[in-house]
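Asks: from the sequence below, what's the structure:
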Amino acid sequence: QGGFFVPGAGQAPMSQAQVPSNAPGHAAPGYLAAPPMSMAPQPGYPAQQVDGLTQQLSQMGLGQGQQEYQNAVLSGRPPIAALDEAPPATRLPAGTVCVPSPHALCPPHVKRSTLNAIPRTDKLLKKTKLPFGLLITPFKEPEAGEAPVPVAPDIVRCRRCRTYINPCAQFVDGGRRWRCNMCNLHNDVPMSFDFDLVSREPKNRWERPDLSCSVVDYIAPVEYMARPPMPPVYVFIIDVSYASVQIGAPGVIAQTILSSLDRIPNVDGRTKIAFIAVDAALHFFQVRPGSAEPQQLVVSDFEDVFLPSPTDLLLNLSECREGIESLLSRFEGMFQTNHSVGNALCPAIQAARKMLGNLGGKIIALQASPPTVGEGKVELRPEGKDLGTPRESDLLRPQNSWYKTLAADCTRAQVAFDVVSIGQQPMEMATVACLARYTGGSVFHYPSFMAARKPEVDRFMYELSNHLAANIGLEAVLRLRASKGLRMAAYYGNFFLRSLDLLSLPSVTPNHCYAVDVEVEETLTAPVVYFQAALLHTTSYGERRIRVATLAVPTTENIHTVFHHADQVAIASLLSKKAVDRALAAKLEDAREALQHKTLEIIGAFKTECTQSSSGATTQLQLPRSLQLLPQLVLACLKHTSLRSGNNIPVAARMAAMNLVLTLPPELGVQPYIAARLYALHELPEQAGYSDAQTGMTVLPPRLGLSAEVLAPHGIYLLHSGHDSFLWFGRNARPDLCHALLNAQDVSTIPNGVISFPDLSGGADTPAQGFELNFRVGRIMRHLSELCYGLWKPVTFVAKEDGEPVIRLMLQQRLVEDMDTSAPSYQQFLSQLRDKINRGSF
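Replies: Numbering: from 1, shown residues only. Predicted structure coming up:
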C-alpha cells in the first residue's frame with residue numbers, strides 16, 4: 001500500500017451499511033476514506049532492511065559500500081562546510097504516520113535527537129559510548145515567510161498515558177478507535193472528531209492539523225486554567241548609580257524602552273509596565289491614567305521594604321501611554337548629576353515582587369554595578385589572581401543562596417527575571433545570574449558599553465528592543481513524555497524543575513532551548529519510539545494554549561546503524577550544555593576533562609566495534625561521516641569563552657557565555673557561536689552576495705577552515721561568530737578592494753578596532769558604482785545575522801595582520817584549528833586522541 005494507512009487494514013473493508021448510523025460522517029459517504037494519495041509519500045524504509053544491509057556490509061569486513069561512509073579524520077583539514085548541510089534525516093519505517101504529509105515529521109529546529117537510530121537495549125547504547133538526549137525548542141518562532149503553527153480544533157488524548165493524538169497514531173476498528181503510539185492503548189474516537197462544530201457539517205479527518213502536523217497548538221479549555229490568563233507585565237529595574245551615569249546607561253536604556261513601546265506585546269490592551277530606578281535608594285514613578293506628569297517617590301528605608309503607593313505604580317501601557325513617554329523622555333536628565341555609589345538591587349527586587357503580587361510578570365534588571373545595599377548584598381571577590389587557576393571554579397558559584405531562594409519563590413508566583421549587565425565594573429554575575437537561570441529568563445552582557453560608542457549603543461538598543469518585542473509565553477509548564485522503556489534522566493537550560501518530567505517556566509523566551517538526557521531502561525521492542533513535548537502557556541495576547549511537538553525515531557539492534565545515524569551537531573550541543581552545567585556545579589577542569597574523555601570514548605568505541613583495526617594500534621582515526629566533525633566541535637567547545645582555560649577571561653564574560661551555551665538551540669549554539677564562519681572576501685564567487693534565483697536568499701561564499709593558514713597576506717576575510725564579526729586585512733591587501741569595501745585609500749588608512757560597517761550604496765537595491773564589494777559583503781553580513789534569528793547585532797572589528805595585537809588575539813582565539821595557550825591545534829588534538837586509543841586509555 002506504499003506505506004499509507006488504509007482504514008480497517010487486515011480486515012474486510014467496511015461497507016456503507018456497516019458505518020454506524022450515529023457517525024458524524026454518515027451523511028457523507030467516504031468520511032473514513034484513506035488519506036489523499038496525491039500527497040507526497042512519506043519518506044521511509046523498512047527498519048529490517050536497513051539493519052540487514054548494514055549487517056551484511058559489516059560481515060563483509062567493511063567492504064567498499066561501508067567504507068564510503070567512513071572518514072579518516074587525520075587526513076587533512078576537517079570538512080567544515082559539512083556544518084552547513086541540513087540535519088540528518090530521520091528515516092522511519094513505511095506506515096509510521098497515519099497520513100502522508102510534509103509536516104508529519106518533527107522539524108529539527110523544534111525537537112532534535114542526538115541519535116536518529118536508537119539502540120534497543122541499554123547494553124548496546126553503552127557500547128557505543130554515544131550520548132543519548134533531546135534538544136527541544138518548544139516555543140520556536142516562525143521565520144519570515146513560514147506559516148504559523150496550526151491550531152487543532154479540539155483536544156484528543158490517550159486516556160491512560162495522556163499523550164495527545166498525533167500523526168503517528170493509528171486508527172483501528174474501521175476508524176472508530178485510535179491506537180496510542182506511546183502506550184498502544186486503543187481509545188475511542190470522539191463523536192466530534194469528524195464534525196465541524198462551527199459549520200455543523202462533517203469534515204475530513206485527514207485534514208486535521210493534529211494528524212498531519214507534528215507541531216500543533218491547542219486552545220486550552222477552562223479545566224487547564226488555575227486562574228484567568230495573565231497579561232504581559234514588565235518591571236524595569238534601572239541602575240542610576242554613579243557607575244551607570246558615568247557610561248551614559250540610564251539615558252540609552254530609557255531611549256530604548258521609549259522606542260520599543262509600540263513593539264511590546266499589547267494586542268488586547270492589558271499589558272502593564274513599571275519602573276524602579278536604583279542607587280542607594282529606590283525611586284518609584286507614579287503615573288495616573290490620562291496624566292502626562294509622572295511623580296517620583298523615593299524610599300530609602302530597606303529594613304522592611306514597602307511600596308510608597310498601593311496604586312499607580314504598575315501602569316497600564318495603553319491608558320498611561322502619555323505619562324510613560326514623558327517619564328522616559330526626562331529619565332536621563334533626572335539622574336545625570338547623580339553621585340550615589342550604592343546599588344539597592346535586592347530591595348528593588350523585593351519591592352517589584354510586592355508590586356506584582358499574585359499577578360506574575362517579568363522583572364528586567366539593567367545593572368552597571370553590583371548590589372551593595374540591603375538584604376542579599378554581595379562583596380566583590382577579587383578575580384585577577386584566581387583566574388586560570390583551580391580557584392577560578394569557586395568564582396563561578398553564587399556567593400550566597402539569597403538569589404536562588406528568591407528565584408524559586410518567584411517561580412511559584414509566575415515571576416521571571418532577565419539580567420542585563422552593562423559596563424566593565426564587576427557586578428558579581430555568578431550570583432545575580434541565578435535569578436534568570438531558575439526562572440526561565442535570559443542574561444545579557446555588554447562589557448564595552450559606553451554611550452559615546454555608537455556601535456555598542458546600536459547593538460544594545462537593537463538586542464534589547466528585539467527582546468522586549470518578542471511574543472513570549474507566560475506562566476508555562478513543559479512536560480515531556482516518551483515511549484515505554486525510555487526515561488528522562490537530567491535536564492539542562494534555564495528553568496525550575498518542578499518534578500521529574502515537568503519544567504516550570506514563568507516566562508518562555510522564543511528560541512530558548514532545553515536539553516534532556518535520555519536513558520534506555522527496558523529493551524525497546526517496537527521499531528519506532530516516540531517523544532512528545534507539551535508546553536502549556538499563556539500567549540502574550542491572553543489566550544491559554546498548549547503547544548505539542550511529537551518526534552518519532554526508529555530503533556535498531558545494529559551498532560553500525562547507530563553510529564551512522566548520529567547527529568554530530570546535536571551531540572556537540574548536548575555535550576557543551578552538560579559541560580557548562582558541570583562547570584557550574586563542580587569544577588571547570590572537570591568539565592573540560594569530561595568533554596575530552598567522551599570524545600575519546602566515542603572514537604575508541606567506533607574503532608573497536610566498527611572497524612577492521614578493532615584491536616592493536618592504528619595510524620589513523622576513523623569515524624563515520626555523521627561524526628566526522630565531532631572532534632573539531634569538541635575542540636571548539638574547549639576553546640570557547642565558556643570553558644576556555646587561561647587568566648584573561650573575566651567571570652562576568654564567562655558566565656554570560658555559559659548562559660548562552662545553555663539556552664541557544666543547536667543550530668545557533670554550535671555554529672556560529674562556538675564554531676565561527678570564515679569567508680574570503682577578496683575572491684568572492686560570481687553569485688556570492690546576490691539573491692539566489694530560486695530561493696531568493698543571499699548566496700554565501702564557500703566556507704573556509706578556522707585556521708590562520710588560510711589567511712593570505714593579500715587577502716580580506718570575514719569571520720562571523722553570531723555575536724561579533726571581524727574583517728581581517730592582510731598586510732598586502734589590494735588598495736582597489738579596500739576602496740570597494742570601505743571607501744579607504746589602502747589598508748593603512750583603515751582604522752583598527754570597532755567600526756560601523758558602511759552602506760556605500762545608500763540602501764539601494766543595486767550597488768553604487770565602484771562599491772560592488774561593499775554592497776555584496778553587506779548583504780552577506782545581514783544574511784548571516786538573519787540565520788541567527790536576528791538575536792544579535794554583531795559589532796564589527798577591523799583586525800589587520802600587523803594591526804592592534806588585542807584585536808588580532810580576539811580573532812585568533814576563534815581560529816579553533818590552531819594551537820594556542822589554552823588548547824592544542826586540531827591535528828595535535830587528534831594525535832593525542834589516537835595515542836590514548838592505541839594505549840587503550842579509554
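Asks: please tell me how far stretch 534-552 is from the chain's geometric centre.
Replies: 17 Å (C-alpha atoms, centre = their mean, to the nearest Å).
Asks: mind checking the end-to-end distance for it?
Replies: With C-alpha to C-alpha, to the nearest Å applied, stretch 534-552 spans 15 Å between its terminal residues.
Asks: for it, buried residues please.
Replies: 534-540, 542, 544-552 (16 or more other C-beta atoms under 10 Å). Yep, even glycine has a C-beta here, placed from its N, CA and C like the rest.
Asks: stretch 336-356 too?
Replies: For stretch 336-356, using 16+ other C-beta under 10 Å, the buried residues are 338, 340, 342-353, 355-356.
Asks: likewise for stretch 811-827?
Replies: Neighbour-count burial for stretch 811-827, counted by 16+ other C-beta under 10 Å, picks out 811, 813-818, 820, 822-827.
Asks: how about stretch 93-112?
Replies: By 16+ other C-beta under 10 Å, the buried positions in stretch 93-112 come out as 93-101, 104-112.
Asks: in strands, which of those fall?
Replies: Lys111, Arg112 (DSSP state E).
Asks: if we can go back for a sec, mind checking which of the buried residues of stretch 534-552 are in strands?
Replies: Going by DSSP E, the strands hold 534-538, 544-552 from those.
Asks: I'd say Ile155 and Val216 touch.
Replies: No. Between Ile155 and Val216 there is no contact under C-beta atoms under 8 Å: 10.3 Å.
Asks: so these two - more neighbours on which side?
Replies: Val216 (24 against 17; other C-beta atoms under 10 Å).
Asks: by contact count, what packs against the lengthiest helix in the chain?
Replies: Secondary structure assigned by DSSP state H gives helix 588-610 as the longest helix of the chain. When contacts are defined as 3 or more C-beta pairs under 8 Å, 6 or more residues apart in numbering; DSSP states H and E, helix 588-610 packs onto helix 122-128, helix 392-395, helix 559-564, helix 568-585, strand 622-624, helix 630-639, helix 826-838.
Asks: nearest to Ala712, out of those?
Replies: helix 826-838 (19.7 Å; C-beta to C-beta).
Asks: secondary structure added to the buried residues of stretch 811-827, as a markdown table?
Replies: Supplementary listing: the buried residues of stretch 811-827 in a markdown table, determined by DSSP: H, G, I helix; E, B strand; the rest coil:
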| residue | secondary structure |
| --- | --- |
| Leu811 | helix |
| Gln813 | coil |
| Arg814 | coil |
| Leu815 | coil |
| Val816 | coil |
| Glu817 | coil |
| Asp818 | coil |
| Asp820 | coil |
| Ser822 | coil |
| Ala823 | coil |
| Pro824 | coil |
| Ser825 | coil |
| Tyr826 | helix |
| Gln827 | helix |
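Asks: go through the residues you listed and say which is closest to Leu574.
Replies: Val816 (19.0 Å).
Asks: what sits against that closest one?
Replies: For Val816, the contacting residues are Gln632, Leu635, Ala636, Lys639, Ala675, Leu706, Tyr826, by C-beta atoms under 8 Å, 6 or more residues apart in numbering.
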